[in-house]
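> using only what follows, build the 3D model:
(chains A and B)
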Amino acid sequence: MSTLFDVKHNPRKAYTSFAILGIALIAFPFIASNFGNSWVRIMDLALLYIMLALGLNIVVGMAGLLDLGYIAFYALGAYMTGLLASPQFASVLESFVNNYPAVGETLRWIVGEEAAQNGIHLSVWLIVPLGAALAAVFGALLGAPTLKLRGDYLAIVTLGFGEIIRIFMNNLNAPVNITNGPQGINMIDPIRIFGVSLAGEPGSRATVYFGEWGMPSVNAYYFLFLFLCAVIIFISIRLQHSRLGRAWIAIREDEIAAKAMGINTRNIKLLAFGMGASFGGVAGAMFASFQGFVSPESFSLTESIAVLAMVVLGGIGHIPGVVLGGVILAALPEVLRHVVEPVQRQLFGAVLVDAEVLRQLLYGLAMVVIMLYRPEGLWPSPKHEDRMDANAKKRLDEKEPTALAA
Amino acid sequence: MDTFIQQIINGLVLGSMYALVALGYTMVYGVLNLINFAHGDVLMIGAMVGITILKIVQSVAPDLPGIVKLGIAIIGAIPVCILVNVIIERVAYRRLRNAPRLAPLITAIGVSILLQTFAMMIWGRNPIPFPQVMPAEPFTIGGALISPTQVMLLVLATVAMLGLVLLVERTRMGRAMRATAENPRVAGLMGVDSNKVIVMTFAIGAALAAVAGVMWGANYASAQFAMGFVPGLKAFSAAVLGGIGNIYGAMVGGILLGIIESLGAGYIGDLTGGFLGSHYQDIFAFVVLIIVLTLRPSGIMGERVADRA
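Below you'll find the predicted structure:
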């Protein structure tokens, strides 16, 4: 499996498999949309999860810091989009003017009369960097007090942070309405790229036209998310092989030794935390525009756990593994929904264990079983980072095929 | 002034539950240097089993006084929780004792999800009402109200904590636990069976969580599969506040956090001019946790300097 994508040692095979994979990914929506848009939609959401898993992989996989509230950064990106690309800001301003006139008038003066009437509608070119920056700032703020301590504290603080963000999203609707509370924010602008709305123009029945040529909206989003995933994968790979990436891996393997080698462990860890968070922020902004709607329900603890389970299942720290984990755990619940319930109805005449419960069981089991029996994940990294002399490396290479075949 | 006394009483009630749960965290942390994320869910199991037993008791012997029924529920919930926690230790943590730090944390989260899912399969998705067996008329103390359930909770918590102190300070087992917490390797050389000590630690933590769980359910009159998460998080904050690894710290931290929380919830509306209301009660534990970690990571009573590695 590992030789399939190994550009260094087997370039011809690797480029062939990359080409096949690329064609398959590009062709997928055109084939799948014949069976209904829901399959492409499932894939869109899976791609969002992959973005999240890759972001979390930087924090957990490369730097070895356990973040249990990663979904909070996703939520920050999504809610920021909700506020800055929908009519919501108008009602925020209105409730500020009613409750705190001074603050309200100042805000109105800053954003101008137009925004006070219709809300703020920023373009995607601003939303994406803003989402990344906002999430990164929060990541750094959260990491600063805890990263100098042991990893366990970080885990629990992030767990708490995920919960706090949800409490604020749920309750910041009174007395000043910012997040619209449990109802969430509606009517978020779809993404527009060079004037083309990816949700389709009104009256086009969710079909996106590029000149003469049209395709369903979900397909357009599919290609956007695919592109973003590719960008994030590219960034991740470049990061992994950079000075910074090697510093993260050094910290993960042995923090004291890394410190002794002159790595400023605290700042480097903070950077890992901030960068991982920024990917989450971007994915959140995409999610909000894709759904056109955000509410606190989408950002529960279960989602944080789901993303972590993807990273753990696929292979902590190994980018292709994480992508695999993301695909499996994001697509599986949907497959289960279509397969398990009919099968149970056939066998027992009733649904004994519904798909939602099975999904939870899978997440839990994935984490426990993988950690106990195969801690490096389903598709482990080939251990380039281990320091070995040339002979040892040769021996390992000889052993590798058998180990993978087993 | 009445509200002040009322908030203090609420804080004590809340705090004694936090303290019971925090003890479980802190003892496991003291011995294994591990955060047992599934501990909050052990509390949930306690509450759920408590409800089931109460329902059975009520149908078998409806004439028993409420306090006896609740007592039976607690006594029944304790062995179940002990069993669950010991199984968790055996399955999820024992093999990983020498693994990288990340591994047991991840299995702990996995176990927590599994426990919640099993509970969801057994007891359903919706909150179940806790049978009201205790008399409902509250006592009045200086204008503040306290229900009989809360009085029983305070008494039980005090007894449990005193019992724990006696166990840890006076018995052979307690000495072994203290020795293992201080230095597992040397304790082993002195003939302490560390596996036995660890299982014992998990068992005691689970018993305390069972008491807290049943009383939590009785106090809030309902229980649900996800109820363990928030008390777990707060009890951990309490353990850190008191100094993690120190059982007196967990008691003090728990009570203190309970009081901070209820005073905070009572007065946050006035302090922020109505901008934030009492539904932000849950953020106090988190704020306290962040402040403690920033200013004094070893907590109020922790002797050890926080490990910077």
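> host element of the residue of the stretch 51-200 of chain B found nearest chain A?
The minimum distance from the stretch 51-200 of chain B to chain A, using CB to the nearest CB, falls at residue B:110 (3.0 Å). Every C-beta, even on glycine, is put in place using the N, C-alpha and C of the backbone. For residue B:110, the host element (DSSP states H and E) is helix B:102-123.
> pull out the buried residues from that helix.
B:102-121, B:123 (16 or more other CB atoms under 10 Å in any protein chain shown).
> alpha carbons of it, as PDB, please.
Taking Å, rounded to 0.1, in the frame of the first residue of the first chain, the C-alpha atoms of helix B:102-123 are listed here in PDB:
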ATOM      1  CA  LEU B 102      -1.400  10.200  24.300                       C
ATOM      2  CA  ALA B 103      -2.600   6.600  24.100                       C
ATOM      3  CA  PRO B 104      -4.400   6.200  27.500                       C
ATOM      4  CA  LEU B 105      -6.000   9.700  27.000                       C
ATOM      5  CA  ILE B 106      -7.500   8.600  23.700                       C
ATOM      6  CA  THR B 107      -8.700   5.200  25.100                       C
ATOM      7  CA  ALA B 108     -10.200   7.100  28.000                       C
ATOM      8  CA  ILE B 109     -12.200   9.200  25.700                       C
ATOM      9  CA  GLY B 110     -13.200   6.200  23.700                       C
ATOM     10  CA  VAL B 111     -14.400   4.300  26.800                       C
ATOM     11  CA  SER B 112     -16.400   7.400  27.800                       C
ATOM     12  CA  ILE B 113     -18.200   7.400  24.500                       C
ATOM     13  CA  LEU B 114     -18.800   3.600  24.700                       C
ATOM     14  CA  LEU B 115     -20.200   3.900  28.200                       C
ATOM     15  CA  GLN B 116     -22.600   6.700  27.100                       C
ATOM     16  CA  THR B 117     -23.600   4.600  24.100                       C
ATOM     17  CA  PHE B 118     -24.300   1.500  26.200                       C
ATOM     18  CA  ALA B 119     -26.300   3.700  28.600                       C
ATOM     19  CA  MET B 120     -28.200   5.100  25.700                       C
ATOM     20  CA  MET B 121     -29.000   1.600  24.400                       C
ATOM     21  CA  ILE B 122     -30.200   0.400  27.900                       C
ATOM     22  CA  TRP B 123     -32.000   3.400  29.300                       C
END
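> centre of the chain to it, how far?
Once both centres are worked out by CA atoms, centre = their mean, to the nearest Å, helix B:102-123 turns out to sit 17 Å from its chain's centre.
> show me what that helix is packed against.
Counting contacts by 3 or more CB pairs under 8 Å, 6 or more residues apart in numbering or on different chains; DSSP states H and E, helix B:102-123 is packed against helix A:151-171, helix A:301-314, helix A:355-373, helix B:39-60.
> swap the cut-off to 10 Å and go again
helix A:151-171, helix A:301-314, helix A:355-373, helix B:39-60, helix B:66-88, helix B:229-242 (3 or more CB pairs under 10 Å, 6 or more residues apart in numbering or on different chains; DSSP states H and E).
> helix or strand right after that helix?
strand B:128-129.
> identify all contacting residues around that following strand.
B:47, B:48, B:51, B:52, B:55, B:217, B:221, B:222, B:223, B:224, B:225 (CB atoms under 10 Å, 6 or more residues apart in numbering or on different chains).
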